[in-house]
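Enquirer: I would like the atomic coordinates for the input below:
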Amino acid sequence: VQQWLRQSGVVGKTIADKVRLTQSGTMRTTPTGKWMPFEAQQWFAAIQPAFFWQTEVTMMPGIFLVGRDKYENGKGHMLIKALSLFTVANAKGPETDQGTLLRYLGETVWFPSAALSNYLHWEEAGSDAAKATMTYGGLTASAIFRFSDDGKFLAYEAKRYYNRKNGATLEDWNIEADPTSYKTFQPGITIPTRLSVTWKLEEGNFTWLKLEITKIQYNEAAY
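Expert: Numbers count the residues shown, from 1 in each chain. Just a heads-up that it's a prediction; the model follows:
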């Protein structure tokens with residue numbers, strides 16, 4: 001973890017408390033579904049951990065989904081509407097809280113100084129990995145971060161609730177970074193910009209999201 005923080009460029013710089021970024025990419029809602037393009041913006045707070053993510057997904061020409069996912073005060077809430085009118089998903093409760101906490105934890109790879117936060121505890125998990133345990137808002141969850149030999153983030157592994165018709169099940173949830181996608185943004189923070197998200201289910205792997213960070217800004221009011 002120390003090597004990761006050094007190579008990312010956060011050592012000696014102001015802690016990133018407020019982060020804003022834009023994303024583009026593709027997603028699908030089922031393992032056999034078609035890939036749909038999306039654009040998104042996301043805001044993070046790190047000292048009191050929170051995020052707000054909003055996206056527009058193009059299902060077909062003229063038909064789109066509008067989505068919002070947020071994590072605040074230890075609680076999560078996901079809302080998706082078709083044509084901004086009809087509710088497709090409205091998820092909240094303990095399982096969503098756990099999922100959004102793990103999402104926040106995984107996405108700290110875009111603002112690595114959050115690894116120093118007092119709500120995180122790190123343990124060795126092998127020569128190339130570390131286990132992070134996050135405790136906040138009365139909830140605790142853990143995940144594994146995997147790194148290259150030179151300290152770059154490669155992958156993130158956690159047990160997260162996967163929504164099914166008969167109730168959510170706890171499944172393996174992975175984030176993988178494209179090791180060729182590292183870029184440096186002001187004030188000299190180096191992060192992976194292309195990542196994919198995969199559910200590793202008993203019935204097979206389900207990669208549902210491929211994204212690219214196109215802009216990111218730290219601790220700035222203007223964008």
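
Enquirer: CA atoms for contacts and neighbours, from now on please.
Expert: Noted.

Enquirer: Show the pLDDT at the residue nearest the centre of the chain.
Expert: The residue lying closest to the centre of the chain (Cα atoms, centre = their mean) is Glu107, at 3.6 Å. Note on Glu107: pLDDT of 98.

Enquirer: In a helix, it, correct?
Expert: Yes. Assessed with DSSP: H, G, I helix; E, B strand; the rest coil, Glu107 lies in a helix.

Enquirer: which secondary structure elements does the helix or strand bottoming out on mean pLDDT in the chain contact?
Expert: Using mean pLDDT, DSSP states H and E, the weakest-scoring helix or strand in the chain turns out to be strand 86-92, at a mean of 77. Contact here means 3 or more Cα pairs under 8 Å, 6 or more residues apart in numbering; DSSP states H and E; on that basis strand 86-92 packs against strand 75-82.

Enquirer: need the contact list for Leu5.
Expert: Taking Cα atoms under 8 Å, 6 or more residues apart in numbering, we find Leu5 in contact with 11, 112-113.

Enquirer: Pull up the per-residue confidence for Pro192.
Expert: 98.

Enquirer: Need the nearest residue in space to it, chain neighbours excluded.
Expert: Of all residues not flanking Pro192 in the chain, Tyr182 sits nearest, at 4.2 Å (Cα to Cα, 6 or more residues apart in numbering).

Enquirer: Tell me the spacing between the closest residue to Glu124 other than its chain neighbours and Thr207.
Expert: The shortest distance from Glu124 to any non-neighbouring residue, by Cα to Cα, 6+ apart, is to Ala130 (4.7 Å). Here Ala130 is placed at a distance of 24 Å from Thr207 (Cα to Cα, to the nearest Å).

Enquirer: Which stretches in the protein count as helices?
Expert: Ranges of helices in the chain, per DSSP state H, are 2-8, 94-107.

Enquirer: The longest strand along the chain - contacts with which helices or strands?
Expert: Taking DSSP state E as the criterion, the chain has its longest strand at strand 204-218. Judged by 3+ Cα pairs under 8 Å, 6+ apart, strand 204-218 is in contact with strand 18-27, strand 194-201.

Enquirer: Trp53: which of the ones you listed is closest?
Expert: Among these, strand 18-27 comes nearest to Trp53, with 9.6 Å by Cα to Cα.

Enquirer: Could you figure out how far that closest one is turned away from strand 194-201?
Expert: Here strand 18-27 runs at an angle of 60 degrees relative to strand 194-201 (axes from the mean of the first three to the mean of the last three Cα atoms, to 10 degrees).
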